[in-house]
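> here are the coordinates; sequence isn't available:
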């Protein structure tokens with residue numbers, strides 16, 4: 001009798017131990033933390049994300065209801081938002097980049113005046129300036145910051161149907177026309193600056209035509225065709241460019257003829273092109289690429305067929321894809337950045353609820369989070385560009401990254417609970433059988 005009790009006690013203890021392990025495993029397994037950042041009006045249909053030194057997200061986005069350029073950052077008390085520019089209809093095209101000390105810089109389109117504008121934080125206040133006002137300019141703008149914390153902007157000149165480039169050297173702005181041709185050259189741009197300070201631009205050539213790549217060495221621009229659909233097929237829409245630590249370019253983009261997400265990189269002195277995802281209509285309405293410390297690319301993108309936000313990552317031998325958010329028609333125009341641990345953070349648009357959303361991968365056990373808070377501040381008046389760019393980061397408390405609103409990975413908990421229940425039932429049944437046999441023997 002003592003042996004039987006010890007046996008059942010051992011079985012129960014082992015099962016309980018397994019269950020506890022599965023609970024811990026559930027908390028430590030990969031889970032997506034999804035949050036609504038702003039839900040006041042129709043907001044976030046265009047957004048751009050950056051990460052501070054402590055991996056706290058900063059997002060610039062368009063408020064379509066008000067026609068305003070807005071900015072939000074994560075702090076210890078939740079999300080804090082402010083309006084950067086409300087003069088006319090501004091921000092329908094925008095891009096955010098952070099400098100080496102965490103200061104945000106934003107390029108954006110002034111639809112009312114047809115101008116390219118620039119906003120930056122100087123350590124105490126936001127300031128704005130008009131960069132280019134010749135014709136209708138500033139569509140599909142993209143901004144990057146060099147090692148001297150100077151901004152570089154690529155953008156589409158609608159009036160001339162050309163790709164243009166603006167750079168600030170610490171004193172003044174210089175504007176160049178980089179590429180032009182028949183139709184629309186630069187109808188989609190993405191810029192990055194290499195370790196030598198040279199600009200690289202991925203661009204769509206002739207609206208839905210080819211994917212091109214432009215880079216400048218010294219004062220000379222070199223332009224290459226990366227992928228072409230020929231006379232009938234259209235490739236190269238919604239390009240996104242990232243450079244790895246060796247300055248090798250990586251591009252994600254949409255093949256609108258085949259409705260596929262594609263990827264290109266420069267290998268052995270030539271471009272290598274791959275189809276990443278072809279399940280349905282995928283990659284339209286924006287792609288965003290980032291490269292991890294090991295050189296492996298990750299791509300966030302929209303699955304138009306299913307209305308889902310998806311992510312693809314290169315494992316070293318193949319592409320792996322995953323649905324990130326499927327709650328409604330979500331994932332339009334995603335923007336992605338990765339932190340020091342190579343974890344992706346994505347801002348994107350929820351078209352069902354017209355909200356700005358944010359998600360990140362969680363590698364630790366989730367805990368409760370404060371509700372997002374929105375604290376609008378008055379819009380600053382435009383000012384002249386200073387002779388030097390800001391050297392002090394905006395105030396950011398050293399907080400943890402935003403925690404999830406809901407847990408999304410319960411598989412291991414359910415399995416562990418089922419094992420525990422089945423073990424208890426079997427142990428009870430065996431004990432009942434033993435008692436019945438003992439009673440019969442008496």
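Now that the structure is in, tell me what you want to look at. Please read all numbers here as calculations on a predicted model, not as lab measurements.
> Quick check: buried residues in the helix or strand in which residue 225 is found?
Following DSSP states H and E, one finds residue 225 within strand 220-227. Neighbour-count burial for strand 220-227 flags 221, 223, 226-227 (criterion: 16 or more other C-beta atoms under 10 Å). Placement of C-beta: from N, CA and C, glycine included.
> for stretch 279-287, same thing?
281-287.
> Can you flag which of the residues you listed belong to helices?
Nothing among those maps onto helices, per DSSP state H.
> for the stretch 151-300 of the chain, what spans make up the helices?
Taking DSSP state H, counting those that start in this stretch as the criterion, the stretch 151-300 of the chain carries no helices.
> and the strand holding residue 225, which strands flank it?
strand 210-217 (antiparallel) (DSSP bridges).
> quick one: low-confidence parts of the stretch 101-250 of the chain?
182, 207-208, 230-233 (pLDDT under 70).
> Residue 237: neighbour count?
22 (other C-beta atoms under 10 Å).
> Identify the residues contacting the residue nearest the centre of the chain.
In the chain, the residue lying closest to the centroid (C-alpha atoms, centre = their mean) is residue 336, at 1.5 Å. With contacts defined as C-beta atoms under 8 Å, 6 or more residues apart in numbering, the neighbours of residue 336 are 49, 288-290, 298-300, 311, 344-346.
> Please repeat the previous calculation with a cut-off of 7 Å.
The neighbours of residue 336, taking C-beta atoms under 7 Å, 6 or more residues apart in numbering as the test, are 49, 288, 290, 300, 344-346.
> what's the closest of those to residue 270?
Nearest to residue 270 among the contacts of residue 336: residue 290, at 23.4 Å, using C-beta to C-beta.
> So what pairs up with that closest one in the strands?
Bridge pairing for residue 290 - DSSP bridges - gives residue 298.
> For residue 346, see how far away it is.
Distance from residue 290 to residue 346, counting by C-beta to C-beta, to the nearest Å: 10 Å.
> Have a look at those two and say which one is more surrounded.
A direct count of neighbours by other C-beta under 10 Å for residue 290 and residue 346 places residue 346 higher, at 28 against 23.
> How many residues are close by the closest residue to residue 247 other than its chain neighbours?
Leaving out its chain neighbours, the residue that sits closest to residue 247 by C-beta to C-beta, 6 or more residues apart in numbering is residue 194, at 4.2 Å. The number of residues packed near residue 194 is 18, by other C-beta under 10 Å.
> now residue 326
14.
> need the contact list for it.
Residue 326 touches 306, 308, counting by C-beta under 7 Å, 6+ apart.
> Apply 8 Å and report the result again.
With C-beta under 8 Å, 6+ apart, residue 326 has these contacts: 306-309.
> Please apply the same query to residue 51.
With C-beta under 8 Å, 6+ apart, residue 51 has these contacts: 57-58, 98, 337-339, 345.
> Also residue 194?
Going by C-beta under 8 Å, 6+ apart, the list of residues near residue 194 reads 200, 243, 247.
> Of those, which is the nearest to residue 141?
residue 200 (15.6 Å).
> Could you report the distance from that closest one to residue 140?
16 Å.
> now residue 211
For residue 211 relative to residue 140 (C-beta to C-beta), the value is 14 Å.
> Can you get me a residue count around residue 195?
Neighbours of residue 195 using other C-beta under 10 Å come to 11.
> who's in contact with it?
Contacts of residue 195 by C-beta under 8 Å, 6+ apart are 147, 247.
> Ramachandran angles for it?
Phi and psi for residue 195, reported as degrees, to the nearest 10, are phi -70, psi -10.
> again with the one 3 residues further on
Taking degrees, to the nearest 10, you get phi -90, psi 140 for the backbone angles of residue 198.
> what residues are up against it?
Per C-beta under 8 Å, 6+ apart, neighbours of residue 198: 215-217.
> okay if I get those residues as a markdown table plus neighbour count and distance to residue 238?
Formatted as a markdown table, those follow (neighbours: other C-beta atoms under 10 Å; distance: C-beta to C-beta, whole Å):
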| residue | neighbour count | distance to residue 238 |
| --- | --- | --- |
| 215 | 19 | 20 |
| 216 | 19 | 23 |
| 217 | 11 | 27 |
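> picking up where we left off before, by neighbour count, which of the contacts of residue 51 wins?
residue 345 (26 neighbours).
> Can you report phi and psi for that residue?
Torsion angles, degrees, to the nearest 10, at residue 345: phi -130, psi 130.
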